[in-house]
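What follows is a predicted protein model with its sequence.
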Amino acid sequence: MLPAPGPTKSDIYAGSVQKQGDAFIVAVNDHVTRATAVLPTLGFSDGFTRAGVVGSDTIRPGDVLGISIWENVEEGILANAAAPATLDEVQVDGTGFIFVPYAGRIQASGNTPEAVRRIITQKLEQQTPDPQVMVSRIAGDGASVSVTGAVGGQGVFPIERPTRKLGAMLATAGGVSIPAETAVVKIIRGGKTGHIWYQDLFEYPELDIALRNGDRILVEEDTRAFTVMGATGSQTRVKFETQTLSAIEALAQVGGLVPTQADPTGIFVFRNEPAEIAANVLGRSDLIGAQRLVYVLDLTEPNGMFMARDFLIRDGDTVYVTEAPYVQWSKLITAITTTAGAASAVGSLATQAGIIEK
(Lines give C-alpha, C1' and ligand atoms only; values in the text may rest on other atoms or scores of the structure.)
Protein backbone atom coordinates (compact mmCIF):
# COMPACT_ATOMS: atom_id res chain seq x y z
CA MET A 1 0.00 0.00 0.00
CA LEU A 2 1.49 3.31 -1.09
CA PRO A 3 1.19 6.36 1.20
CA ALA A 4 -1.70 8.67 0.34
CA PRO A 5 -3.65 11.52 2.00
CA GLY A 6 -6.89 9.53 1.74
CA PRO A 7 -8.98 7.35 -0.58
CA THR A 8 -8.64 7.45 -4.34
CA LYS A 9 -11.49 8.36 -6.64
CA SER A 10 -12.16 4.68 -7.35
CA ASP A 11 -12.20 3.92 -3.60
CA ILE A 12 -14.93 6.52 -3.08
CA TYR A 13 -17.02 5.25 -5.98
CA ALA A 14 -16.69 1.72 -4.58
CA GLY A 15 -18.67 2.85 -1.52
CA SER A 16 -21.67 4.01 -3.52
CA VAL A 17 -25.15 2.57 -3.14
CA GLN A 18 -24.91 1.29 -6.70
CA LYS A 19 -22.02 -0.91 -5.56
CA GLN A 20 -23.64 -2.13 -2.34
CA GLY A 21 -22.23 0.77 -0.31
CA ASP A 22 -24.23 3.19 1.86
CA ALA A 23 -23.57 6.54 0.17
CA PHE A 24 -25.20 8.15 -2.86
CA ILE A 25 -22.64 9.57 -5.30
CA VAL A 26 -24.11 12.62 -7.04
CA ALA A 27 -22.54 14.72 -9.78
CA VAL A 28 -23.19 18.40 -9.16
CA ASN A 29 -25.38 20.13 -11.76
CA ASP A 30 -27.81 23.05 -11.82
CA HIS A 31 -30.60 20.98 -10.24
CA VAL A 32 -28.33 19.87 -7.40
CA THR A 33 -27.07 23.38 -6.66
CA ARG A 34 -30.65 24.65 -6.40
CA ALA A 35 -31.89 21.72 -4.31
CA THR A 36 -29.03 22.00 -1.80
CA ALA A 37 -28.91 25.81 -1.51
CA VAL A 38 -30.25 25.78 2.04
CA LEU A 39 -29.18 28.67 4.26
CA PRO A 40 -29.35 28.73 8.07
CA THR A 41 -32.69 30.20 9.12
CA LEU A 42 -32.24 33.01 11.62
CA GLY A 43 -34.91 35.45 12.70
CA PHE A 44 -37.27 36.58 15.44
CA SER A 45 -40.69 35.11 16.09
CA ASP A 46 -43.83 37.28 16.17
CA GLY A 47 -43.51 37.52 19.94
CA PHE A 48 -40.34 39.55 19.44
CA THR A 49 -41.23 41.59 16.37
CA ARG A 50 -44.71 42.61 17.51
CA ALA A 51 -43.68 43.83 20.96
CA GLY A 52 -44.24 47.56 21.38
CA VAL A 53 -41.63 50.01 22.60
CA VAL A 54 -41.31 50.18 26.39
CA GLY A 55 -41.28 53.61 27.97
CA SER A 56 -37.96 54.41 29.63
CA ASP A 57 -39.73 55.60 32.80
CA THR A 58 -42.04 52.61 33.28
CA ILE A 59 -42.44 51.73 36.96
CA ARG A 60 -41.59 48.21 38.13
CA PRO A 61 -42.17 46.22 41.34
CA GLY A 62 -39.56 47.24 43.90
CA ASP A 63 -39.25 50.82 42.68
CA VAL A 64 -39.53 53.57 45.30
CA LEU A 65 -41.70 56.59 44.50
CA GLY A 66 -41.86 60.05 45.95
CA ILE A 67 -45.36 61.57 46.12
CA SER A 68 -46.30 65.16 47.01
CA ILE A 69 -49.92 66.35 47.34
CA TRP A 70 -51.16 69.96 47.52
CA GLU A 71 -54.71 70.79 48.54
CA ASN A 72 -56.54 74.01 47.78
CA VAL A 73 -58.07 74.35 51.28
CA GLU A 74 -56.78 75.54 54.65
CA GLU A 75 -57.39 72.25 56.37
CA GLY A 76 -57.28 69.41 53.88
CA ILE A 77 -57.52 65.69 54.42
CA LEU A 78 -53.75 65.27 53.94
CA ALA A 79 -52.27 68.77 53.85
CA ASN A 80 -53.03 72.43 54.30
CA ALA A 81 -52.69 75.29 51.88
CA ALA A 82 -49.30 76.30 53.27
CA ALA A 83 -47.42 73.03 52.67
CA PRO A 84 -47.91 69.82 50.74
CA ALA A 85 -48.29 66.36 52.17
CA THR A 86 -45.12 64.47 51.28
CA LEU A 87 -44.86 60.70 51.05
CA ASP A 88 -41.08 60.32 50.72
CA GLU A 89 -40.70 56.59 50.20
CA VAL A 90 -43.60 54.68 48.76
CA GLN A 91 -42.36 51.30 47.58
CA VAL A 92 -44.13 49.40 44.82
CA ASP A 93 -44.96 45.96 46.22
CA GLY A 94 -44.38 42.63 44.55
CA THR A 95 -47.78 42.71 42.89
CA GLY A 96 -47.13 46.18 41.43
CA PHE A 97 -49.36 48.23 43.78
CA ILE A 98 -48.83 51.20 46.10
CA PHE A 99 -51.07 52.60 48.84
CA VAL A 100 -51.91 56.30 49.11
CA PRO A 101 -54.10 57.48 51.99
CA TYR A 102 -57.62 58.36 50.86
CA ALA A 103 -56.78 57.17 47.32
CA GLY A 104 -56.38 53.52 48.25
CA ARG A 105 -54.40 50.83 46.42
CA ILE A 106 -53.21 51.94 43.02
CA GLN A 107 -51.63 49.92 40.22
CA ALA A 108 -48.19 51.50 39.72
CA SER A 109 -46.24 48.76 37.96
CA GLY A 110 -46.43 49.10 34.20
CA ASN A 111 -47.43 52.75 34.42
CA THR A 112 -45.31 55.87 34.18
CA PRO A 113 -45.07 58.38 37.04
CA GLU A 114 -47.34 60.68 35.01
CA ALA A 115 -49.99 57.98 34.71
CA VAL A 116 -49.85 57.29 38.45
CA ARG A 117 -50.15 61.05 39.12
CA ARG A 118 -53.36 61.20 37.11
CA ILE A 119 -54.83 58.16 38.89
CA ILE A 120 -54.11 59.61 42.35
CA THR A 121 -55.55 62.98 41.31
CA GLN A 122 -58.77 61.35 40.10
CA LYS A 123 -59.12 59.39 43.34
CA LEU A 124 -58.55 62.43 45.58
CA GLU A 125 -60.84 64.74 43.60
CA GLN A 126 -63.76 62.88 45.09
CA GLN A 127 -62.71 64.05 48.59
CA THR A 128 -60.88 67.36 48.24
CA PRO A 129 -61.23 70.17 45.69
CA ASP A 130 -58.61 70.55 42.93
CA PRO A 131 -55.78 68.43 44.40
CA GLN A 132 -52.34 68.89 42.83
CA VAL A 133 -50.15 65.77 42.76
CA MET A 134 -46.50 65.21 41.88
CA VAL A 135 -45.05 61.68 41.45
CA SER A 136 -41.41 60.79 40.78
CA ARG A 137 -39.33 57.63 40.87
CA ILE A 138 -36.58 58.21 43.41
CA ALA A 139 -35.11 54.71 43.56
CA GLY A 140 -35.21 51.48 41.65
CA ASP A 141 -33.40 49.93 38.74
CA GLY A 142 -36.06 50.55 36.14
CA ALA A 143 -36.10 48.45 32.98
CA SER A 144 -32.69 47.11 31.93
CA VAL A 145 -31.03 44.51 29.70
CA SER A 146 -27.72 42.68 29.82
CA VAL A 147 -25.35 42.69 26.85
CA THR A 148 -22.56 40.10 26.74
CA GLY A 149 -20.27 38.35 24.30
CA ALA A 150 -18.35 39.92 21.42
CA VAL A 151 -19.18 43.58 22.09
CA GLY A 152 -17.04 46.56 22.90
CA GLY A 153 -18.26 46.79 26.49
CA GLN A 154 -20.28 44.12 28.28
CA GLY A 155 -22.65 45.08 31.04
CA VAL A 156 -26.17 45.81 32.25
CA PHE A 157 -27.73 48.82 30.54
CA PRO A 158 -30.94 50.70 31.36
CA ILE A 159 -33.62 50.95 28.69
CA GLU A 160 -33.72 54.68 28.10
CA ARG A 161 -35.43 56.69 25.41
CA PRO A 162 -32.48 56.48 22.94
CA THR A 163 -31.85 52.77 23.63
CA ARG A 164 -35.30 51.25 23.48
CA LYS A 165 -34.41 49.17 20.40
CA LEU A 166 -31.85 46.44 19.76
CA GLY A 167 -29.57 48.32 17.35
CA ALA A 168 -29.22 51.35 19.61
CA MET A 169 -28.53 49.17 22.64
CA LEU A 170 -25.74 47.32 20.82
CA ALA A 171 -24.22 50.66 19.86
CA THR A 172 -24.36 51.75 23.50
CA ALA A 173 -22.46 48.55 24.41
CA GLY A 174 -19.65 49.51 22.03
CA GLY A 175 -20.84 47.67 18.93
CA VAL A 176 -19.70 44.22 17.86
CA SER A 177 -16.00 43.35 18.17
CA ILE A 178 -15.95 40.58 15.55
CA PRO A 179 -16.40 40.69 11.77
CA ALA A 180 -19.94 41.89 11.05
CA GLU A 181 -20.48 39.24 8.34
CA THR A 182 -20.27 36.36 10.83
CA ALA A 183 -21.70 38.05 13.94
CA VAL A 184 -24.88 36.49 15.32
CA VAL A 185 -27.11 38.35 17.79
CA LYS A 186 -29.04 36.18 20.23
CA ILE A 187 -31.82 37.44 22.51
CA ILE A 188 -33.22 35.44 25.42
CA ARG A 189 -36.57 36.71 26.68
CA GLY A 190 -38.14 34.55 29.34
CA GLY A 191 -38.34 31.07 27.84
CA LYS A 192 -37.99 32.25 24.24
CA THR A 193 -34.84 32.70 22.17
CA GLY A 194 -34.29 34.47 18.87
CA HIS A 195 -31.23 34.68 16.60
CA ILE A 196 -30.41 37.04 13.75
CA TRP A 197 -27.38 37.96 11.70
CA TYR A 198 -26.00 41.28 12.92
CA GLN A 199 -25.94 42.64 9.35
CA ASP A 200 -29.67 41.94 8.99
CA LEU A 201 -30.37 44.66 11.55
CA PHE A 202 -29.51 47.19 8.86
CA GLU A 203 -31.04 45.41 5.89
CA TYR A 204 -34.37 44.51 7.53
CA PRO A 205 -35.68 47.31 9.81
CA GLU A 206 -38.36 45.04 11.28
CA LEU A 207 -35.62 43.05 13.03
CA ASP A 208 -34.57 46.10 15.06
CA ILE A 209 -36.99 45.02 17.76
CA ALA A 210 -38.14 46.82 20.88
CA LEU A 211 -36.41 45.60 24.04
CA ARG A 212 -38.07 44.36 27.20
CA ASN A 213 -36.93 44.47 30.79
CA GLY A 214 -34.75 41.46 31.59
CA ASP A 215 -33.76 40.73 27.98
CA ARG A 216 -30.37 39.02 27.69
CA ILE A 217 -28.45 39.91 24.55
CA LEU A 218 -25.52 37.76 23.45
CA VAL A 219 -23.30 38.54 20.46
CA GLU A 220 -21.25 35.57 19.26
CA GLU A 221 -19.31 34.54 16.20
CA ASP A 222 -20.84 32.10 13.73
CA THR A 223 -19.89 28.59 14.90
CA ARG A 224 -20.32 26.85 11.55
CA ALA A 225 -17.28 25.08 10.14
CA PHE A 226 -16.22 22.56 7.48
CA THR A 227 -13.24 20.24 7.07
CA VAL A 228 -10.86 20.12 4.12
CA MET A 229 -8.62 17.14 3.34
CA GLY A 230 -6.58 15.76 0.46
CA ALA A 231 -4.47 17.53 -2.15
CA THR A 232 -5.11 21.09 -0.97
CA GLY A 233 -2.97 23.88 0.40
CA SER A 234 -3.75 22.77 3.95
CA GLN A 235 -5.80 20.08 5.64
CA THR A 236 -7.76 21.53 8.50
CA ARG A 237 -11.10 22.47 10.02
CA VAL A 238 -12.15 25.88 8.74
CA LYS A 239 -14.67 28.35 10.14
CA PHE A 240 -17.10 30.13 7.85
CA GLU A 241 -15.94 33.66 7.08
CA THR A 242 -19.19 34.70 5.38
CA GLN A 243 -22.88 33.86 5.75
CA THR A 244 -22.77 31.83 2.53
CA LEU A 245 -19.78 29.89 1.21
CA SER A 246 -19.36 28.22 -2.17
CA ALA A 247 -17.13 25.26 -2.94
CA ILE A 248 -14.73 27.52 -4.84
CA GLU A 249 -14.51 29.89 -1.86
CA ALA A 250 -14.00 26.99 0.54
CA LEU A 251 -11.03 25.72 -1.49
CA ALA A 252 -9.62 29.24 -1.74
CA GLN A 253 -9.69 29.58 2.06
CA VAL A 254 -7.18 26.72 2.37
CA GLY A 255 -4.89 27.79 -0.45
CA GLY A 256 -6.63 26.05 -3.36
CA LEU A 257 -5.57 22.81 -5.04
CA VAL A 258 -1.95 21.64 -4.99
CA PRO A 259 -0.98 21.98 -8.70
CA THR A 260 1.44 19.05 -8.67
CA GLN A 261 -0.88 16.63 -6.85
CA ALA A 262 -4.60 17.47 -7.12
CA ASP A 263 -7.03 15.82 -9.51
CA PRO A 264 -9.44 18.60 -10.61
CA THR A 265 -11.94 15.96 -11.74
CA GLY A 266 -12.15 14.46 -8.25
CA ILE A 267 -13.37 17.05 -5.76
CA PHE A 268 -15.83 15.44 -3.33
CA VAL A 269 -18.11 16.96 -0.70
CA PHE A 270 -19.28 14.48 1.97
CA ARG A 271 -22.51 15.38 3.75
CA ASN A 272 -25.30 13.87 5.85
CA GLU A 273 -28.28 15.28 3.98
CA PRO A 274 -31.76 15.63 5.53
CA ALA A 275 -34.28 13.27 3.98
CA GLU A 276 -36.36 15.99 2.29
CA ILE A 277 -33.34 17.50 0.55
CA ALA A 278 -31.92 14.10 -0.38
CA ALA A 279 -35.29 13.13 -1.88
CA ASN A 280 -35.30 16.28 -3.98
CA VAL A 281 -31.73 15.75 -5.16
CA LEU A 282 -32.22 12.07 -6.01
CA GLY A 283 -35.81 12.30 -7.24
CA ARG A 284 -36.98 9.62 -4.80
CA SER A 285 -39.80 9.37 -2.30
CA ASP A 286 -38.76 6.25 -0.36
CA LEU A 287 -35.98 7.77 1.76
CA ILE A 288 -36.27 7.76 5.54
CA GLY A 289 -33.97 9.81 7.76
CA ALA A 290 -30.74 11.57 6.90
CA GLN A 291 -28.83 10.15 3.94
CA ARG A 292 -25.13 9.99 3.20
CA LEU A 293 -24.49 11.91 -0.01
CA VAL A 294 -21.19 12.49 -1.74
CA TYR A 295 -21.28 15.36 -4.22
CA VAL A 296 -18.75 15.30 -7.07
CA LEU A 297 -17.29 18.41 -8.69
CA ASP A 298 -15.29 18.22 -11.92
CA LEU A 299 -13.52 21.51 -12.58
CA THR A 300 -12.42 20.38 -16.05
CA GLU A 301 -15.96 20.30 -17.43
CA PRO A 302 -17.05 23.31 -19.53
CA ASN A 303 -19.22 24.62 -16.69
CA GLY A 304 -17.29 22.97 -13.87
CA MET A 305 -16.06 26.23 -12.36
CA PHE A 306 -19.59 27.65 -12.45
CA MET A 307 -20.94 24.56 -10.67
CA ALA A 308 -18.27 24.89 -7.97
CA ARG A 309 -19.07 28.58 -7.62
CA ASP A 310 -22.83 27.91 -7.25
CA PHE A 311 -22.63 24.84 -4.98
CA LEU A 312 -22.92 25.95 -1.34
CA ILE A 313 -20.91 24.42 1.48
CA ARG A 314 -22.82 23.79 4.71
CA ASP A 315 -21.95 23.33 8.36
CA GLY A 316 -20.21 20.00 9.02
CA ASP A 317 -19.27 19.29 5.39
CA THR A 318 -16.05 17.47 4.52
CA VAL A 319 -14.37 18.64 1.31
CA TYR A 320 -11.90 16.12 -0.07
CA VAL A 321 -9.64 16.54 -3.12
CA THR A 322 -8.21 13.32 -4.59
CA GLU A 323 -4.72 12.97 -5.95
CA ALA A 324 -4.17 12.80 -9.70
CA PRO A 325 -3.54 9.22 -11.00
CA TYR A 326 -0.01 10.04 -12.10
CA VAL A 327 0.89 10.93 -8.50
CA GLN A 328 0.29 7.32 -7.48
CA TRP A 329 2.36 6.12 -10.43
CA SER A 330 5.11 8.54 -9.46
CA LYS A 331 5.07 7.20 -5.91
CA LEU A 332 5.19 3.62 -7.22
CA ILE A 333 8.12 4.32 -9.53
CA THR A 334 9.95 6.15 -6.76
CA ALA A 335 9.38 3.22 -4.41
CA ILE A 336 10.66 0.72 -7.00
CA THR A 337 13.74 2.72 -7.94
CA THR A 338 14.51 3.44 -4.31
CA THR A 339 14.19 -0.25 -3.46
CA ALA A 340 16.34 -1.27 -6.45
CA GLY A 341 18.97 1.29 -5.54
CA ALA A 342 19.02 0.07 -1.96
CA ALA A 343 19.34 -3.55 -3.11
CA SER A 344 22.24 -2.62 -5.42
CA ALA A 345 24.00 -0.81 -2.60
CA VAL A 346 23.60 -3.78 -0.28
CA GLY A 347 24.98 -6.06 -2.99
CA SER A 348 28.03 -3.87 -3.47
CA LEU A 349 28.75 -3.81 0.24
CA ALA A 350 28.37 -7.58 0.45
CA THR A 351 30.79 -8.08 -2.46
CA GLN A 352 33.33 -5.75 -0.87
CA ALA A 353 33.09 -7.68 2.36
CA GLY A 354 33.62 -11.00 0.54
CA ILE A 355 30.20 -12.29 1.50
CA ILE A 356 29.18 -12.54 -2.14
CA GLU A 357 31.68 -13.54 -4.84
CA LYS A 358 32.00 -11.41 -7.93
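Arrived safely. Everything numeric here is computed off the predicted structure, so don't read it as measured data.

Spatially nearest residue to residue 22 (excluding sequence neighbours)?
residue 292 (5.9 Å; Cβ to Cβ, 6 or more residues apart in numbering). No exception for glycine: its C-beta is placed from N, CA and C like everyone else's.

what's the answer for residue 163, then?
Counting by Cβ to Cβ, 6+ apart, the residue nearest residue 163 is residue 169, at 4.8 Å.

can you confirm that neighbour is in a helix?
Yes - assessed by DSSP: H, G, I helix; E, B strand; the rest coil, residue 169 belongs to a helix.

I'd say it and residue 147 touch.
Yes - counting by Cβ atoms under 8 Å, residue 147 is a contact partner of residue 169 at 6.6 Å.

longest strand of this protein?
strand 262-273 (DSSP state E).

quick one: buried residues of it?
262, 263, 264, 265, 266, 267, 268, 269, 270, 271, 273 (16 or more other Cβ atoms under 10 Å).

Give the residue spans of this structure that score low on pLDDT.
When residues are selected by pLDDT under 70, those of the chain lie in 1-5, 54-56, 81-82, 139-142, 326-336, 338-358.

How is it divided into domains?
Per the record, the chain has its domains at 9-39+224-323, 46-51+144-221, 64-139, by automatic domain parsing.

returning to that earlier point: and the buried residues of strand 262-273 as a markdown table, adding distance to residue 33?
As requested, the buried residues of strand 262-273 are exported to a markdown table (distance: Cβ to Cβ, whole Å):
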| residue | distance to residue 33 |
| --- | --- |
| 262 | 22 |
| 263 | 21 |
| 264 | 18 |
| 265 | 18 |
| 266 | 19 |
| 267 | 14 |
| 268 | 16 |
| 269 | 12 |
| 270 | 17 |
| 271 | 14 |
| 273 | 14 |
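
For residue 102, state which of those is nearest.
residue 273 (72.3 Å; Cβ to Cβ).

What is the burial count for residue 307?
Applying other Cβ atoms under 10 Å, we find 23 residues neighbouring residue 307.

And what about it, helix, strand or coil?
Of the three states, residue 307 takes helix according to three-state DSSP.

Let me know whether it touches residue 26 as I believe.
No - between residue 307 and residue 26 there is no contact under Cβ under 8 Å: 11.8 Å.

My reading is that residue 280 lies in a helix. Confirm?
Yes - remark: residue 280 belongs to a helix, assigned using three-state DSSP.
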